[in-house]
Structures are given as structure tokens and as C-alpha cells.
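A.B. asks: Give me the fold of what follows.
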Amino acid sequence: MTIFEAILLAFVGGAVLNLMPCVLPVLALKISSLARTGGESSRARMEHGLGYSLGIMASMLVLAASVIALKSAGQLVGWGFQFQHPLFVAALTAVMVLFALNLFGVYEFTIPQAISGLAPSESSGTRRSFFEGVLAVVLATPCTAPFMGAAIGFAMAGDAWLVVAVFMSLGAGLASPFVLVAFVPAFHRFLPKPGNWMVVMKKLLGFALLTTALWLVWLFGRLTDMNGVVHLLGSLIAIAFAVWVYGELQYQSLTWKRTGVLTAVLLSVGLGTIYGLSDLQSDARDVSVNVAKASAVEPSANPKIDWIPWSESRVQHALEEGRPVFVNFTADWCISCKVNERTALSTPEVVAEVARTKTLMLQADLTRPEDELVAKLAEFGRSGVPLYLVYSPKNLQKPRILPQVLTRDMVVEAFAQAALSP
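C.D. replies: Residues are numbered from 1 along each chain as shown. Down below sits the predicted model:
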């Protein structure tokens with residue numbers, strides 16, 4: 001792959017990323033943005049588009065800088081791997097709840113001008129669009145799109161400037177559909193007309209964000225345990241209580257004296273939950289590694305498939321026995337992975353083909369940090385999941401790489417081909 005091809009693939013992959021299931025929660029924010037700009041002037045729409053694009057590009061630049069810093073420190077990194085860390089997931093869950101409460105009208109942001117560029121303020125649509133661009137990147141990172149995986153993997157193996165170039169091209173592709181609507185007059189007719197329905201839609205979008213928070217709580221539980229979930233929910237209640245107090249002060253429904261008492265209670269609850277979350281960050285790694293390696297992990301989509309944890313020795317042993325091997329590089333935080341497992345890998349046709357061909361089904365779980373699996377991804381020029389490998393006994397060294405969006409017929413055909421006699 002040339003540098004030009006990597007940058008081009010990153011742009012196309014960023015555009016396609018808008019259609020991937022992991023970006024669906026972000027569509028709620030985009031619909032809200034489009035609705036607000038429906039009755040505004042062309043200049044206002046262009047400002048919204050510029051704010052959204054700047055939010056995406058700034059976030060991509062931060063991601064690129066983080067990757068460069070971690071690589072310089074000798075760390076193995078990949079796309080979307082920040083979701084392996086419980087504190088990051090907890091912080092993102094809090095952001096979802098905060099933004100949802102803002103949409104419900106519980107409070108309004110009134111913060112210093114110096115940092116208001118990141119606030120979802122109703123008084124500044126451009127600033128809100130910037131925040132939505134930032135959030136779009138954060139929520140888009142749990143999965144990769146077609147064309148994108150190869151480009152990111154190529155960048156991860158290159159110099160710092162190549163990482164920046166590919167990530168910025170990816171951001172440009174992610175922002176491109178919204179930019180077209182905002183800047184090209186021909187697309188303006190597709191914008192919704194403003195009206196009273198927007199008030200109802202705003203609250204519905206709040207529930208959409210709470211649904212995203214529910215998924216993040218589930219992921220947090222997978223990374224920790226039930227005690228971790230309780231700590232996180234306690235923190236979210238404390239945060240919701242804090243912004244409710246703040247909102248009541250804004251609307252002058254509370255006095256400062258009463259607020260002082262409520263704040264003291266809030267601080268005691270908040271400090272306790274934060275302390276508990278900090279303990280879980282250190283404990284989760286040791287516990288989770290044991291869980292990940294102790295037994296086979298089956299996708300929730302279908303218990304009929306006998307998933308076995310991946311190891312290179314298992315691959316080679318099965319091939320020597322004449323059995324095809326399928327390796328599923330996945331993670332609980334990868335929504336695209338879970339959709340593929342649900343719609344393709346768990347179908348009766350695929351299960352029947354696995355039994356007929358005696359294919360060994362191996363799962364490489366990257367829900368938690370695993371340097372060995374990250375290194376294996378890098379061997380195939382990838383830096384994120386999903387990655388699907390089909391090994392055939394007639395070709396022991398070079399597996400077939402399936403696309404990142406699977407279909408039932410595609411998987412059945414791949415298993416049948418792998419099982420054919422040389």
C-alpha cells in the first residue's frame with residue numbers, strides 16, 4: 001500500500017463509518033443538529049457544519065497524538081482500544097447522562113467563556129456542533145468500517161506524520177456527509193422544517209442517549225463485576241443529582257442555604273463512588289485476565305457454536321489434523337462484531353456448516369488489553385477489530401481474510417472452500 005492509497009482508503013472508510021452500527025447513537029445528535037438548522041440561513045448552516053467538522057478533526061488530532069505518544073513509550077495500541085479501560089467507559093457514560101439531562105431541560109450550561117467551546121449550549125449552535133463532532137468520534141471508535149482497517153493498520157506501522165495524515169483523512173471522511181448538507185445548497189431541501197415537533201424530538205433524543213449509556217453500563221460490567229456496576233450507577237445518580245441542583249438554582253427554585261446542605265450530601269456520595277471506581281480500575285485487570293483465559297467465551301448470539309479461546313498452537317494442531325479453522329477477533333465493546341455474530345455467525349446455516357466441515361471456531365477476545373492479540377492483528381496490517389481469518393489445511397500459512405461486514409452466505413462459502421480436499 002502506498003501513502004496516497006492509505007490516505008484515500010481512510011477517507012472512504014471514514015465516510016462509510018457513518019453507516020456502521022456503532023455510529024447509530026451519533027445519528028441522534030446529527031438529526032438534532034439538522035432539525036435546528038432547518039429554518040436558518042445558509043450562513044448559519046455553514047457555521048454548524050464547520051463547528052461539527054472542527055470537532056471531528058480536533059478529536060482525530062488528539063487520538064493521533066495519543067497513539068504517537070503511546071507508541072513512543074513502547075505500548076501496543078489499536079483503534080478503539082480505549083474502551084478496554086473501565087474508567088474511560090465510566091467517564092463516557094457520565095457524558096451520555098449529562099447530555100441527556102440537558103436535552104430533557106433539567107439544566108442549561110452556563111460556564112466560563114474560556115471553555116465554552118466544548119459545551120453543548122443551546123445559546124450557541126456552533127459550539128454545540130463542535131461538541132457533537134467530538135462525541136461522534138468518541139462513539140465511532142468501537143468499530144472499524146470497510147477500507148478503514150487496512151489504512152489504520154498501515155498508519156500504525158509508520159512514522160508519526162503518517163499517523164496524523166491518516167487520522168485526519170479519516171476524520172474528513174466521517175464529517176463529509178454533514179459538510180455536504182451544510183455547504184451544498186442542493187442538499188438543503190432535505191433538511192427538516194422547524195416546528196413544535198422539535199420539542200418532542202429533543203426529549204426523544206435524550207432517551208436515545210440514555211440507551212447508549214445503558215450499553216456502556218453493560219460494557220463496564222463486563223470489564224469489572226456487579227460491584228463495579230453498582231459503583232457506576234451510584235456515581236451517575238450523584239451526577240444527576242448535582243445537575244438537578246444546578247438546574248434548580250438556574251430556575252431559582254432553590255435557595256443557596258438549602259443548596260449548601262444538598263451539596264454536602266452530594267460530595268460525600270460522589271467522593272465515595274469515585275474512590276470505589278478508582279479501586280476497580282486496579283482490580284479489574286487481574287480479575288478480567290483470569291476470566292478471559294479460564295474458559296471459552298461464547299458470543300451471546302448463539303450458544304450452539306463451541307467457541308474456544310484462540311492460541312497459535314490450537315490453530316496449528318487443528319490444521320495438522322486436516323480441520324479448517326476460523327478465528328474471530330472480537331471485543332464486547334465492538335458493536336460491529338456483535339452485529340456480525342448475531343446476523344451471520346449464529347445463523348442455523350453457519351452452525352450446520354461448522355458441524356459438516358468440522359471447522360474449529362476460535363475466539364480472540366480483545367475486550368481487555370491483550371498485547372499478544374494486538375501483535376497478531378498487526379501481522380495482518382490491522383489495528384482494531386473485527387478481523388476474521390479462515391485457515392485451510394491445504395494452505396497452512398496464509399489464511400483467508402473475510403470482510404469486516406459478514407453475511408451468512410459469505411461465511412458458509414468460506415468454510416466450504418476451506419474444507420475442500422487439496
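A.B. asks: Please enumerate the helices of the stretch 151-300 of the chain.
C.D. replies: 160-183, 197-223, 226-250, 256-294 (DSSP state H, counting those that start in this stretch).
A.B. asks: mind showing which ranges of the stretch 1-150 of the chain have poor pLDDT?
C.D. replies: 1, 21-41, 74-77, 109-125, 142-147 (pLDDT under 70).
A.B. asks: before we move on, what SS does Y388 have?
C.D. replies: strand (DSSP: H, G, I helix; E, B strand; the rest coil).
A.B. asks: And for E108?
C.D. replies: Applying three-state DSSP: E108 is coil.
A.B. asks: now the strands for this structure?
C.D. replies: 308-309, 325-330, 360-365, 387-392, 395-402 (DSSP state E).
A.B. asks: Dump these into TSV; add distance to E47 as well.
C.D. replies: Using the backbone N, CA and C atoms, a C-beta is placed for each residue, glycine as well. Below are the strands of the chain laid out as TSV (distance: least, CB to CB, whole Å):
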stretch	distance to E47
strand 308-309	51
strand 325-330	41
strand 360-365	44
strand 387-392	40
strand 395-402	43
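A.B. asks: Let's have those strands in a markdown table, adding mean pLDDT.
C.D. replies: Putting these into a markdown table (pLDDT from 0 to 100) gives the following:
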| stretch | mean pLDDT |
| --- | --- |
| strand 308-309 | 94 |
| strand 325-330 | 95 |
| strand 360-365 | 94 |
| strand 387-392 | 94 |
| strand 395-402 | 86 |
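A.B. asks: for those strands, which one sits closest to F99?
C.D. replies: strand 325-330 (28.5 Å; CB to CB).
A.B. asks: Just list what that closest one packs against, helices and strands only.
C.D. replies: If contacts are counted by 3 or more CB pairs under 8 Å, 6 or more residues apart in numbering; DSSP states H and E, strand 325-330 sits against helix 312-320, helix 335-340, strand 360-365, helix 371-379, strand 387-392.
A.B. asks: quick one: which of those is nearest V97?
C.D. replies: For those, proximity to V97 was assessed by CB to CB; helix 335-340 is nearest, at 19.5 Å.
A.B. asks: Distance from that closest one to the middle of the chain?
C.D. replies: 11 Å (CA atoms, centre = their mean, to the nearest Å).
A.B. asks: now for the helices and strands packed on strand 325-330, which one comes closest to V405?
C.D. replies: The closest of these to V405 is helix 335-340. By CB to CB, the value is 7.1 Å.
A.B. asks: in that closest one, what counts as buried?
C.D. replies: I335, S336, C337, K338, V339, N340 (16 or more other CB atoms under 10 Å).
A.B. asks: Let me know the closest of those residues to S59.
C.D. replies: Using CB to CB, the buried residues of helix 335-340 come closest to S59 at I335, 18.7 Å.
A.B. asks: do you know how far that closest one is from A416?
C.D. replies: 28 Å (CB to CB, to the nearest Å).
A.B. asks: Also I7?
C.D. replies: Counting by CB to CB, the gap from I7 to A416 is 37 Å.
A.B. asks: Could you dump the strands of the chain into JSON lines with mean neighbour count and distance to H85 added?
C.D. replies: Putting these into JSON lines (neighbours: other CB atoms under 10 Å; distance: least, CB to CB, whole Å) gives the following:
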{"stretch": "strand 308-309", "mean neighbour count": "16", "distance to H85": "22"}
{"stretch": "strand 325-330", "mean neighbour count": "23", "distance to H85": "18"}
{"stretch": "strand 360-365", "mean neighbour count": "21", "distance to H85": "16"}
{"stretch": "strand 387-392", "mean neighbour count": "22", "distance to H85": "21"}
{"stretch": "strand 395-402", "mean neighbour count": "14", "distance to H85": "28"}
